[in-house]
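Colleague: sequence and computational prediction follow.
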Amino acid sequence: QVQLVESGGGLVQAGDSLTLSCAVSGSIYSNYAAAWFRQFPGKERWFVASITWSGDRKDYVDSVKGRFTVSRDNAKSTVYLQIDNLKPEDTAVYYCAVGSITGRSQSLYPFWGRGTQVTVSS
């Protein structure tokens with residue numbers, strides 16, 4: 001059974017930085033790709049960023065480029081999402097997901113965490 005556990009969310013001030021972590025455990029295939037999605041209040045989940053197993057390819061939705069950085073430490077089976085210069089509009093539940101290939105579609109990722117809430121006050 002594969003488990004993904006996100007952490008690092010919380011209540012922060014606009015302009016702060018935050019690093020979300022996603023710990024992956026269980027019987028998952030090697031070389032998995034990973035992605036972050038977020039869900040705004042009352043909205044559906046949207047793609048934020050993805051990263052290949054080696055970390056050589058990263059993809060970001062245009063609205064977060066320059067402020068969000070996805071990374072991973074395969075020795076620790078952990079994927080990270082650093083968010084700089086947080087804005088109130090970043091308030092959302094952030095989910096990590098893993099799958100065999102990267103992409104922006106949720107359907108590419110069979111395994112998901114339960115999410116971590118990020119709330120940014122102005």
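Modeller: That came in fine, so what should we check first? Residues are numbered from 1 along each chain as shown.
Colleague: got a pLDDT number for the residue positioned nearest the centre of the chain?
Modeller: With distances taken as Cα atoms, centre = their mean, W36 lies nearest the centre of the chain, 2.7 Å away. What the model reports for W36 is a pLDDT of 98.
Colleague: which residues does it bridge with?
Modeller: A49, C96 (DSSP bridges).
Colleague: quick check: it vs S27, distance?
Modeller: 23 Å (Cβ to Cβ, to the nearest Å). Yep, even glycine has a C-beta here, placed from its N, CA and C like the rest.
Colleague: if we can go back for a sec, hmm, the residue nearest to the centre of the chain is touching A92, no?
Modeller: No: between W36 and A92 there is no contact under Cβ atoms under 8 Å: 10.5 Å.
Colleague: can you give me the strands in the chain?
Modeller: Shown for the chain, the strands assigned by DSSP state E span residues 3-7, 10-13, 18-25, 33-39, 45-51, 58-60, 68-73, 78-83, 92-99, 111-112, 116-121.
Colleague: just the CA atoms of stretch 96-109, as PDB, please.
Modeller: Provided in PDB are the C-alpha atoms of stretch 96-109 (Å, rounded to 0.1, in the frame of the first residue of the first chain):
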ATOM      1  CA  CYS A  96       1.000  15.800  -3.600                       C
ATOM      2  CA  ALA A  97       0.600  12.900  -6.000                       C
ATOM      3  CA  VAL A  98       2.900  10.300  -7.600                       C
ATOM      4  CA  GLY A  99       2.700   8.300 -10.700                       C
ATOM      5  CA  SER A 100       4.800   6.600 -13.400                       C
ATOM      6  CA  ILE A 101       5.100   9.600 -15.700                       C
ATOM      7  CA  THR A 102       4.700  13.400 -15.200                       C
ATOM      8  CA  GLY A 103       2.100  15.600 -16.700                       C
ATOM      9  CA  ARG A 104      -0.600  18.100 -15.700                       C
ATOM     10  CA  SER A 105      -3.500  15.800 -15.700                       C
ATOM     11  CA  GLN A 106      -4.700  14.400 -12.300                       C
ATOM     12  CA  SER A 107      -5.500  11.100 -14.100                       C
ATOM     13  CA  LEU A 108      -1.700  10.400 -14.500                       C
ATOM     14  CA  TYR A 109      -1.300  10.100 -10.800                       C
END
